[in-house]
Structure formats: structure tokens, C-alpha cells
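Enquirer: Let's see this in three dimensions:
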Amino acid sequence: MREFAVVQTVTTNDTAATNDAAILLADVVVALGGFPALAGVNLTVQRGELVALRGANGTGKSTLLRLCAGLVALSRGSAQVMNVDLASNRAAVRPYVGLLGHRNGLYADLTARENVQLTAQLIGAAGEDVDDALVRLKIDARVAATRTRSLSAGQRRRTALASLVVRRARVWLLDEPHAGLDTAARKELDQILCEATRAGATVIYTTHEVDRADGEVPRTVTLAGGVVASDRAATRGAPR
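Expert: Residues are numbered from 1 along each chain as shown. Have a look, this model is predicted:
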């Protein structure tokens, strides 16, 4: 199967691709309802990295993803995603990122193809881009023609990822993408994410399952109490 086409064409005005750091967080604090969901996070993620963000529920994993997507405001510290300053203009980061939450963001009454086509229409992508995304995510004609409500959890997840591929998101922010998938589907998802990073995307996904990948996750960052408790480099032999 061909490589994912996820990196947008760079023009001379595209300063967002001049820095190898896709994500740069320094002493980041995010307060939600007066409570510090992030309490001083320091994290650098290079372009093309695959990072598993681990930690128990309530440690700030989802908040960190939403911060990087420009959906929550920075309370203190500095944060840049693709060279966009989130403190001054967090909305400007949205063309570069794709956030996949627990609900996948799919419309239940639309087919898998129609969901991906909707994303394509919103960004002006061509019809062949939709076909290519479906092929890359192994969504065959039968699944593509099936309404999303009738798809399996794994098929819905692949459809949501196809939408990220068709919009050519540079930074993939995935919240518990392995949840609800069986072992085979989880391994397939791992391979999809590795292929995306080889094509130039930066991928961060959250998980609270400490030993889910049996040491095969390239880089693991663990949050505890709203800060980075550990940052473990890639395991030798991890699939990249």
C-alpha cells in the first residue's frame, strides 16, 4: 500500500513548516473551572514523531490534546503548534491539526464514504482524494456504502482516520483511539499510525492502559497531576 499523503505542500509563506518541533510546550498551565487541568507541562514533539500520552483518568491527557487543537485557552506558560503561538491566536492552528475524540466525529445517518466526502467538501479536496483515503484505511466498497451507525467500532475508527487523511492534517491528536477495539484492530491501528508518521504527520494519542502496547510504542509520555511525570524514548525495534 502506498504511503499516506498527509503533509501539505509548503509555500514560501508557510512559516509553520520551518521548525522541526511540531509541538513546543513550556511551563504550560490550563485552568478549567478554576482547577489546573495542566499544572506546568514541558513537552517537545518533533515533526514525524509518534507519541503515546499515558496516565490515569483526570491527569490532563485530553486537555493537552484540546490545547494543541486550539480548543482551550492557555492560562500561563508558552505553547506553539506548527509554529503557531497558542497564546496569541489559537484559532490559527486549526488548519494544521486533526482532533479525533471518543465519539469519532462521524454522522450516524451518513455512510462511511459520505462522512469522508463531507470532510473533503469542507476543505476543497478532490473526489480522488476521498477514494485514496478509503483505500489507504482498507475501507472496501461494502463498508464505504454502509451507514456509520451499522459499522463496527474498528470500521468507525478507520472511517474517522480516513477523514484526517483526506484533510491532510499535519498533527493528529487522538483521544483513546484504541478504546473499544479488539486485539487485531488495535494492532492494525498501530500500523496505520506508524505509516502516517513515516509520511510526515506528527501523531499523539492518549491511553490510560499502561501496558497496552507491550513495549512497542515509539515514545511514551506519562502525565500525573497535570505535569509530565516521565518521558521514555522509543523502544528499540518499535514499529516505525
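Enquirer: now the protein, which segments are flagged as low pLDDT?
Expert: 1-19, 209-217, 234-240 (pLDDT under 70).
Enquirer: Could you break it into its assigned domains?
Expert: Domain assignment for the chain, taken from automatic domain parsing, gives 12-96+169-240, 108-168.
Enquirer: Quick one: those domains as JSON lines, columns for distance to residue 102 too.
Expert: (Each C-beta comes from the backbone N, C-alpha and C, glycine too.) JSON lines is the format used below for the domains of the chain (distance: least, Cβ to Cβ, whole Å):
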{"stretch": "domain 12-96+169-240", "distance to residue 102": "6"}
{"stretch": "domain 108-168", "distance to residue 102": "11"}
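Enquirer: Put together CSV for those, with mean neighbour count on each row.
Expert: Converted to CSV, the domains of the chain look like this (neighbours: other Cβ atoms under 10 Å):
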stretch, mean neighbour count
domain 12-96+169-240, 18
domain 108-168, 19
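Enquirer: burial count for residue 102?
Expert: Around residue 102 there are 11 other residues, counting by other Cβ atoms under 10 Å.
Enquirer: who are the neighbours in contact with it?
Expert: 175-176, 179 (Cβ atoms under 8 Å, 6 or more residues apart in numbering).
Enquirer: That one: what secondary structure?
Expert: Here residue 102 is coil, with the state taken from DSSP: H, G, I helix; E, B strand; the rest coil.
Enquirer: I'd like to know how far it sits from residue 202.
Expert: 21 Å (Cβ to Cβ, to the nearest Å).
Enquirer: for the chain, what spans make up the strands?
Expert: Using DSSP state E, the strands assigned to the chain run over residues 21-32, 35-46, 50-54, 76-81, 84-85, 97-100, 171-174, 202-207, 219-224, 227-232.
Enquirer: Let me know which of the ones you listed is the nearest to residue 164.
Expert: strand 97-100 (4.1 Å; Cβ to Cβ).
Enquirer: Leaving out chain neighbours, which residue sits closest to residue 178?
Expert: Counting by Cβ to Cβ, 6 or more residues apart in numbering, residue 186 is the residue found nearest to residue 178 once chain neighbours are left out, at 4.9 Å.
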